[in-house]
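Asker: quick one, what's the 3D model for this:
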Amino acid sequence: MKQEYFMGFRRFAVSYFIKGILAILCKIDSKEFKRSLSKYKPMLIIFNHINFLEIPILITFGYPQYVSGLAKAETWNNPIFAFLFDTYKAVPIKRSGAYSESFKKVHDAIENGSFMCVAPEGTRSKNGSLRRAKAGIIQLALDGNIPILPVAHYGGENIWKNIRRLKRTRFHIKTGRAFRINFDGRPNHDEREMILSEIMGQLARLLPEQMRGEYSQQAGNESKYLDYL
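Answerer: Coordinates of the predicted model:
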């Protein structure tokens, strides 16, 4: 009980400390994101991956809801990052090898009340334009029949330019409708590509047109394999 109380206080203190720093650097529009977290039960959150900024913003501005996610295992080699990721119960994942153990930990975390953030692109785009995504998100969602909430953000791609100008960065967060993947069994290669395009289309439609990148055409398409909640 003492350990649980301590970790709760630690998350509270770290969240408000990081939020204070982020508030200096950015003007963050998080109301829509917070409303969605309060509306839905814990599930997967998919987001576009631009730079270092979105992870601490989604986690700390989602507070008091529990928001965590996947992070590459080698990040725990840094004691500061290890402290932060342990505070939010992040799940380590190795970029090579089987992901089944990490996926199980994600499923367990959701069952225990945590929204889990996953970046389908797998790496930072840096310029803000959507890159080609990886199909791991499909297996992750299908294995536990877990819903997905699309969360797109923009503005953070200008952070370094604005810091040099001593200017705060406007950081916008947009959320779409939660959905489940409607598919029985294991999709083949072509089916995976179609499902992945539909999933990324949900993110693309939340972004300005110039940031939709690889999925600009999917932004307006109907969904065959997704059931909205």
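
Asker: contact partners of the lengthiest helix in the chain?
Answerer: The longest helix of the chain (DSSP state H) is helix 2-25. Helix 2-25 has contacts (Cβ atoms under 8 Å, 6 or more residues apart in numbering) with 28, 56-57, 59-61, 63, 84, 87-88, 159, 163, 168-169. To be clear about C-beta, it is placed using only N, CA and C from the backbone, and glycine gets the same treatment.

Asker: mind running it again at 7 Å?
Answerer: 28, 56, 57, 60, 61, 63, 84, 87, 88, 159, 168, 169 (Cβ atoms under 7 Å, 6 or more residues apart in numbering).

Asker: give the buried residues for that helix.
Answerer: 11, 14, 15, 18, 19, 22, 25 (16 or more other Cβ atoms under 10 Å).

Asker: and what of stretch 222-229?
Answerer: Buried, per 16+ other Cβ under 10 Å, within stretch 222-229: 223, 225, 226.

Asker: quick one: end-to-end length of it, please.
Answerer: Stretch 222-229 has an end-to-end distance of 15 Å (criterion: Cα to Cα, to the nearest Å).

Asker: let me see the contact set for the residue positioned nearest the centre of the chain.
Answerer: Centroid-nearest residue in the chain, with Cα atoms, centre = their mean: residue 117, separated by 3.3 Å. Contacts of residue 117 were listed using Cβ under 7 Å, 6+ apart, and they are 45, 47, 58, 67, 69.

Asker: just the pLDDT at it, thanks.
Answerer: Listed pLDDT for residue 117 reads 96.

Asker: that one bridge partners, please.
Answerer: For residue 117, the beta-bridge partners under DSSP bridges are residue 45, residue 69.

Asker: returning to what we had before: turn the buried residues of stretch 222-229 into a markdown table, columns for secondary structure, pLDDT and distance to residue 178.
Answerer: Output for these, formatted as a markdown table (DSSP: H, G, I helix; E, B strand; the rest coil; pLDDT from 0 to 100; distance: Cβ to Cβ, whole Å):
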| residue | secondary structure | pLDDT | distance to residue 178 |
| --- | --- | --- | --- |
| 223 | coil | 88 | 13 |
| 225 | coil | 95 | 15 |
| 226 | strand | 96 | 10 |
